[in-house]
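>>> coords below, sequence missing:
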């Protein structure tokens, strides 16, 4: 097995008089036909590493060490030289395909451009090559489509094809499966394996154990810019020796303990699905705070859900799972009255204030006005609803939030802290129904586990119905009492 | 980092100094200087800007007339100060009206899409289709030489840009999770505007306002220069330039005064505006 890339003591620090180490010296070798996967928390320096290898770190950061490819040290090359390598010798797969593709250019043209300008083919050859690529990826009819006319998974495949037009032997994939559901994740992993072939080299950066397991090869676990352990995927992933490695493994939703009050047998759980329940009564079931009968919604000519009967009693923990675009979030928005249903009836307990039906958002920073400190925003809620601000301190403690965080603005906190603040803000109003829309999909596994556990626990403690939406079926199955599959 | 975060009690001026980059600070200083000049000179008990003294025409700056006199022997200090006051006053007034109208209509249109939004959008497009100066000119032709038609014309031109900016920012924000979250929590319109909309709008609207003020000042003096704006004997920069132009050889300092004042005012506003909003 030949070595394609050797990294020696690669280290990233901030520039300036008092440099801060962001990525501690790391060394590894990338071999042909053997994938290497880096696993670590958000903020553990994984993405910095990918950028350092490509040589496109922002100027405010300093990089030291050596990156050898074909007897040349990439880091010592001038930027113009490195740029010529991009796509031809080194290719980086984009993290979010939406932002990597040009929104106003047809997919075929975007890929063809790569074939012409990077691959050096003529216009006719490029078109043929593009059609071949698309057919190979199952996107035959997408040549003339715009990115917005494709699903996330299709866009991901198209971006993949565009990145591979230069036939670079070394591929770096930075979180290629972020936010994808299981089916699509497996698709991307299969694509990566195929790109690797027997002569290529592949470096994948992820926080998903399953991706690493499916890719095989070698694995490294990173935390706070330091390599904790490395070795063969099988041994590291099944029996991590570092404490953090074990913590990370336990945080994968598949390994979570089952929800206590739930029927533990997954078969029975599936049976509890309330889809197409025969009752079509307009009177809500006793004890319910929110109920829907024969609910239906379609979008863009496609039926998202139909004839859905649901009832939420206080303390119910209901999960919704399904692939992206299946209407999970739309269901929650319809139940909250944010989106009107196409058919069916919605009933809310009229004795309960409207502001006790609340929502938690997928992207925590987007759910707060970014210009004010958290303390101001929380005080606003207390003042509006005449709440006793003495309630805040014990809740901060319960949610594991430092009181000093109240002086910070939303942009100055981590995603996990922000999501816990949005839980706090919601709980202040004693909600009877809480719709959590993929509340943890942007958090790393350890934080995700903590956040979901806390959310479920608090919902039960405060007797609040929780609708938990996630593309991760395991997460929903393990934490909810009932499940709706779309 | 440590020295930056350890901030003691700050005077408002120091806080401003930290927030504004050097160029914008320079622009602000220029404008404050011009305002002091414009409003300060009459307070100091200077000469009457309209009092003619045909025995002392085109005098060089001296003890009696610190900036000299024009072709009719009027004190240039008093006249330039009056012209600066007029330009700045008109600019402030029309920008304030334009921003108020643009902000109110923009937020109203962006808040909820519908026929109101479309109607306002069409109106804005109509105004935009006319060259701004032409609109002011048409109004000036209806009531020549009136301060208020100039004010009306300039405000009518300026509000459109504010409106379009505010509308698009509002539309985006109203669809955002942050606003949805606040609405679910029960907050009303005033709160949404104060906490979500205004902080996002403020820097962009302020920049537009500064550019708008520069536009207003240039428009007034252009109209004065081609003698269709304000009428003599009003001291107005464009008008002064036209009047003093025939004497540029005998009294170059006289012509230089309105030119310099105009230059500094526009420069001040453009420096203050900083970057153009995206």
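Right, received. Where do you want to start? Everything quoted here is computed from the prediction, not taken from an experiment.
>>> how about residue A:113, what does it touch?
residue A:126 (C-beta atoms under 8 Å, 6 or more residues apart in numbering or on different chains). Placement of C-beta: from N, CA and C, glycine included.
>>> assign it to helix, strand or coil.
Counting by DSSP: H, G, I helix; E, B strand; the rest coil, the backbone at residue A:113 sits in helix.
>>> residue A:104 too?
At residue A:104 the chain is in coil, as set by three-state DSSP.
>>> for it, the count of nearby residues, please.
Look at residue A:104: counted by other C-beta atoms under 10 Å in any protein chain shown, it has 8 neighbours.
>>> list phi and psi for the nearest residue to it once chain neighbours are set aside.
Ranked by C-beta to C-beta, 6 or more residues apart in numbering or on different chains and with sequence neighbours excluded, the top spatial neighbour of residue A:104 is residue A:146, at 6.8 Å. Phi and psi for residue A:146, reported as degrees, to the nearest 10, are phi -90, psi 150.
>>> show residues contacting stretch B:124-133.
Contacts of stretch B:124-133 (C-beta under 8 Å, 6+ apart): B:135, B:156-157, B:160, B:163-164, B:215, B:219, B:222-223.
>>> do that again at 7 Å, thanks
Outside stretch B:124-133, the residues that touch it by C-beta atoms under 7 Å, 6 or more residues apart in numbering or on different chains are B:156-157, B:160, B:163-164, B:219, B:222.
>>> will you turn those into a markdown table that also has distance to residue B:207, secondary structure and neighbour count?
Output for the contacts of stretch B:124-133, formatted as a markdown table (distance: C-beta to C-beta, whole Å; DSSP: H, G, I helix; E, B strand; the rest coil; neighbours: other C-beta atoms under 10 Å in any protein chain shown):
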| residue | distance to residue B:207 | secondary structure | neighbour count |
| --- | --- | --- | --- |
| B:156 | 21 | helix | 19 |
| B:157 | 17 | helix | 25 |
| B:160 | 16 | helix | 22 |
| B:163 | 15 | helix | 28 |
| B:164 | 14 | helix | 19 |
| B:219 | 19 | helix | 25 |
| B:222 | 23 | helix | 16 |
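>>> what does chain B have sitting close to chain A?
Those residues of chain B that sit near chain A, judged by C-beta under 7 Å from any C-beta of the partner chain, are B:176-178, B:180-181, B:184-187, B:195-196, B:199.
>>> if we can go back for a sec, closest to chain A among the contacts of stretch B:124-133?
Set against chain A, the nearest of the contacts of stretch B:124-133 by C-beta to the nearest C-beta is residue B:164 (21.5 Å).
>>> next, the contact list for the closest one, please.
Counting by C-beta under 7 Å, 6+ apart, residue B:164 has contacts residue B:124.
>>> could you rerun that using 8 Å?
Residue B:164 neighbours (C-beta under 8 Å, 6+ apart): B:106, B:124.
>>> re the thing from before, among the residues of chain B next to chain A, which ones are buried?
Burial by neighbour count, 16 or more other C-beta atoms under 10 Å in any protein chain shown: within the residues of chain B next to chain A this picks out B:176-178, B:180-181, B:184-187, B:195-196.
>>> inside helices: which ones of those?
B:177-178, B:180-181, B:184 (DSSP state H).
>>> identify the farthest-apart pair in the residues you listed.
Farthest pair in these (C-beta to C-beta) is B:178 and B:184. Separation: 11.1 Å.
>>> could you pick out the longest helix of chain A?
helix A:445-461.
>>> how about that helix: buried residues?
Buried, per 16+ other C-beta under 10 Å, within helix A:445-461: A:445-452, A:454-456, A:458-460.
>>> so where's chain A shaky on pLDDT?
Counting by pLDDT under 70, chain A shows low-confidence ranges at A:1, A:41-45, A:95-99, A:152, A:179, A:198, A:225, A:258-284, A:324-325.
>>> switch to 50 and redo it
A:260-281 (pLDDT under 50).
>>> what parts of it come near chain B?
A:336, A:338, A:353-355, A:357-359, A:361, A:363, A:366-372, A:377, A:380-381, A:384-385, A:422, A:425, A:429 (C-beta under 8 Å from any C-beta of the partner chain).
>>> distance from whichever helix or strand residue B:101 is part of to the middle of the chain?
Element membership of residue B:101 [criterion: DSSP states H and E] is helix B:76-111. What separates the centre of helix B:76-111 from the centre of its chain is 5 Å, taken as C-alpha atoms, centre = their mean, to the nearest Å.
>>> between it and helix B:177-184, how big is the angle?
Put simply, helix B:76-111 runs at 70 degrees to helix B:177-184, going by axes from the mean of the first three to the mean of the last three C-alpha atoms, to 10 degrees.
>>> residue closest to the middle of chain B?
residue B:213 (2.0 Å; C-alpha atoms, centre = their mean).
>>> hang on, it packs against residue B:269?
Yes. Under the criterion of C-beta atoms under 8 Å, residue B:213 makes contact with residue B:269 at 4.7 Å.
>>> who touches both of the two?
With C-beta under 8 Å, 6+ apart as the test, residue B:213 and residue B:269 both reach residue B:91.
>>> right, I'll call it a day here.
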